[in-house]
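J.: here you go, sequence then predicted model.
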Amino acid sequence: MDAFFVDLFAEIQPDLWTEEASDAQVASLVRLLGIRSGMRVLDAPVGDGRIAVRLARLGCDVVGVDRSEAMLTAAARRAADAGVPLALHDHDLREPVATDAFDLALCLWGSFGFFDDAGLDAQTAAAAQALVPGGRFVLDTPTAETLALGFAPTSCKRIGERFLVEERTLDPVTGGVDATWTLVRGDGTRASARFRYRLHGITELCGRLRRHGLDRVEVYADLDGTPFVVGVARRAVVVATKGEASA
Ligand SMILES: C[S@@+](CC[C@H](N)C(=O)[O-])C[C@H]1O[C@@H](n2cnc3c(N)ncnc32)[C@H](O)[C@@H]1O
């Protein structure tokens, strides 16, 4: 796994989402996808379980996978605190998880873009294979169309007593975003980490999904189902349904 996720990301991740914001995301997901008790959900990657535990609380049967020990430990703690069952596995997103086992596979908060083309195909294949026919793969991701709107080579945001400086470049030929995050802590100490993200245009993303049997694709601008309008949308939420033919 990219070293980025081991140290710096694990340090700030708990402060990037408030509980209220995660509550709102899950409420939107429930409405958009008609999530109900008993649905089988794969959350890949699960991160600290902020979405998975909420869905388990609603009665879904949730499996979460991730490669970060810190995230899996945090997710297990969250599930224990909430008193809900949550199956967690140390598992690479590019490896098959299961076959025809889930109604939904979630890949939220920009988690589709960590790999090269072969890796992204493997990630897509693993998600498609895990779904029952008619099951849905849900991605929440920046795309070329959305990132271009607000692209800045440098940005800085305050997180409590700390500042997070992000420097980024975008290669339009490869779609590669190279980012360096520098965290300046309240005591003046700093930590930096780099990561690379493979940005898709919407059409290219839909093509990748279709090649893996996810043949009906809907695109929204948010988890609440806001229509995706180029020039306005700041994010893409893609819902791709596995066709019967690929069963
Ligand atoms: C931005 S977080 C998103 C987590 C979660 N989906 C959420 O919305 O909170 C990205 C996660 O991907 C995980 N990750 C990165 N590379 C991975 C890999 N190769 N296999 C599995 N998980 C990975 C990281 O450990 C991190 O928890």
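T.: Cool, got the structure.
J.: what number of residues lie near the residue in the chain that the ligand sits nearest to?
T.: Closest approach between the chain and the ligand, counting by C-beta to the nearest ligand atom: Gly47, at 2.6 Å. The C-beta positions use only the backbone N, C-alpha and C, and glycine is treated the same way. By the other C-beta atoms under 10 Å criterion, the neighbourhood of Gly47 contains 24 residues.
J.: how about the helices in the chain?
T.: 8-16, 19-33, 52-57, 69-82, 117-130, 144-150, 202-211 (DSSP state H).
J.: and the ones you listed as CSV, adding distance to the ligand?
T.: Conversion of these to CSV gives the following (distance: least, C-beta to the nearest ligand atom, whole Å):
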stretch, distance to the ligand
helix 8-16, 7
helix 19-33, 8
helix 52-57, 8
helix 69-82, 4
helix 117-130, 8
helix 144-150, 16
helix 202-211, 17
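J.: buried deepest among the ones you listed, which one?
T.: Ranked by mean neighbour count, the helices of the chain are led by helix 52-57 with a mean of 24 (mean count of other C-beta atoms under 10 Å).
J.: what residues does it touch?
T.: Surrounding helix 52-57, the residues in contact under the criterion C-beta atoms under 8 Å, 6 or more residues apart in numbering are 22-23, 26, 29, 35, 41, 43, 46, 62, 64, 75, 78-79, 82, 84-86.
J.: likewise stretch 231-241?
T.: Stretch 231-241 is contacted from outside by 32-33, 134-143, 145-146, 149-150, 202, 205-206, 209, 214-223, 226, 228, using C-beta under 8 Å, 6+ apart.
J.: likewise for stretch 74-84?
T.: 14, 46-50, 52-53, 56-57, 64, 66, 85-86, 88.
J.: quick check: the two most widely separated of those residues?
T.: Farthest-apart pair in those is Pro14 and Pro85; separation 22.5 Å (C-beta to C-beta).
J.: which ones are touching Ala128?
T.: Contacts of Ala128 were listed using C-beta under 8 Å, 6+ apart, and they are Phe137, His212, Gly213, Leu214, Lys242, Ser246.
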